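> Here you go, sequence then predicted model.
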Amino acid sequence: MGALDRECEALRGNLADPHVELSDQAYSILYFKLFVRAAKLGDLLDLTIRLPANEVEFFQKTIVRLVDVEALPPSALEHFRSTFRVLDKNGNVKSRPNQIKNEI
């Protein structure tokens, strides 16, 4: 959680500079932080976030680890599935064959 907080703080600093344009990956990190903050509070985001498969996979593993160490409630796993979608090469949402495994 600390690393995510530090990364987002740096990105927010970049947002304050009108000459700096953030990458799509930077925005995905900010969206992920928004999701984590809501999940920690037990809130649900009414939002669908579409990202490349490698980013969804990384965030998925992070959510599982955070639930395992009880930094997030187990409900975060299901909420992640309904919030994050994988984009194909053409930018279309595709189904994810590998759903998060609930190892709790």
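Yes, it's here. Numbering: from 1, shown residues only.

> list the contacts for the most centrally placed residue in the chain?
The chain has Phe32 as the residue nearest its centroid, 2.8 Å off, counting by CA atoms, centre = their mean. For Phe32, the contact set (CB atoms under 8 Å, 6 or more residues apart in numbering) comprises 4, 49, 59, 62. C-beta coordinates here come from the backbone N, C-alpha and C atoms, glycine included.

> Which parts of the longest helix belonging to the chain count as buried, going by neighbours?
Longest helix in the chain by number of residues (criterion: DSSP state H): helix 24-41. By 16 or more other CB atoms under 10 Å, the buried positions in helix 24-41 come out as 26, 28-29, 31-33, 35-36, 38-39.

> which secondary structure element contains Arg50?
strand 49-52 (DSSP states H and E).

> Whatever helix or strand comes next after that strand - contacts with which helices or strands?
Remark: after strand 49-52, the chain's next helix or strand is helix 53-68, criterion DSSP H and E. Helices and strands touching helix 53-68, by 3 or more CB pairs under 8 Å, 6 or more residues apart in numbering; DSSP states H and E, are helix 24-41, helix 75-83, strand 84-87.
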